[in-house]
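Chemist: fold the following, please.
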Amino acid sequence: MGTTASTTIRVLAANSAEAARAAADLRRHLLDAQDDLDITREKEQANTQDMGATLVMILGTQAVVVLANGIADWMRKRRIGSTVELEINGNRVALAGEVADNPKQVERLIRALNRAE
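Modeler: A predicted model of the protein is given here:
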């Protein structure tokens, strides 16, 4: 049996509405790819109406690679040339839409995901 750790992914964007939309889209995409993931969204401020741009999940060691590939696939479906900045377990990772075709970018995701809080 592998170890588990809490993983936090926060979508960083120009404004909170854009970040919340991207987080919802990422969550939906990850759940479509791997339906047994337990992903919750957290608000940064309790007094706002948006659902938040932070995703929290508990991952086993084997799920990290699946999650990294899911994020890369999500980026592939976004506009070519688009960039998304994520904060994964406190580490900022800027990703371009072409991340799925670049093994070094996927490796960066896996390293960031392995640094559990």
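
Chemist: from here on, contacts and neighbour counts on C-alpha atoms
Modeler: Noted.

Chemist: mind showing which ranges of this structure have poor pLDDT?
Modeler: 1-4, 45-51, 61, 79-82, 97-100, 116-117 (pLDDT under 70).

Chemist: if we go to 50?
Modeler: Where the chain drops to pLDDT under 50, the residues are 1, 117.

Chemist: what about the strands in it?
Modeler: Using DSSP state E, the strands of the chain run over residues 4-12, 39-42, 54-60, 83-88, 91-96.

Chemist: pull out the buried residues from the last one.
Modeler: For strand 91-96, burial by neighbour count (16 or more other C-alpha atoms under 10 Å) applies to 91, 93, 95, 96.

Chemist: still on that earlier bit, can I get the strands of the chain in CSV with distance to residue 115?
Modeler: Listed next are those as CSV, based on distance: least, C-alpha to C-alpha, whole Å:
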stretch, distance to residue 115
strand 4-12, 8
strand 39-42, 18
strand 54-60, 11
strand 83-88, 8
strand 91-96, 9
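
Chemist: before we move on, the earlier item: can you name the two of the buried residues of strand 91-96 that sit furthest apart?
Modeler: For the buried residues of strand 91-96, the farthest-apart pair by C-alpha to C-alpha is 91 and 96; their separation is 16.3 Å.

Chemist: related to what we said a few turns ago, and the strands of the chain, which is most packed in?
Modeler: strand 4-12 (a mean of 20; mean count of other C-alpha atoms under 10 Å).

Chemist: partners of that one in the sheet?
Modeler: When pairing is defined by DSSP bridges, strand 4-12 lines up against strand 54-60 (antiparallel), strand 83-88 (antiparallel).

Chemist: of the buried residues of strand 91-96, closest to residue 113?
Modeler: residue 91 (9.1 Å).

Chemist: burial check on the nearest residue to residue 37 once chain neighbours are set aside, number of neighbours?
Modeler: Nearest residue to residue 37, sequence neighbours excluded (C-alpha to C-alpha, 6 or more residues apart in numbering): residue 31, at 6.4 Å. As a burial measure, residue 31 scores 16 neighbours (other C-alpha atoms under 10 Å).
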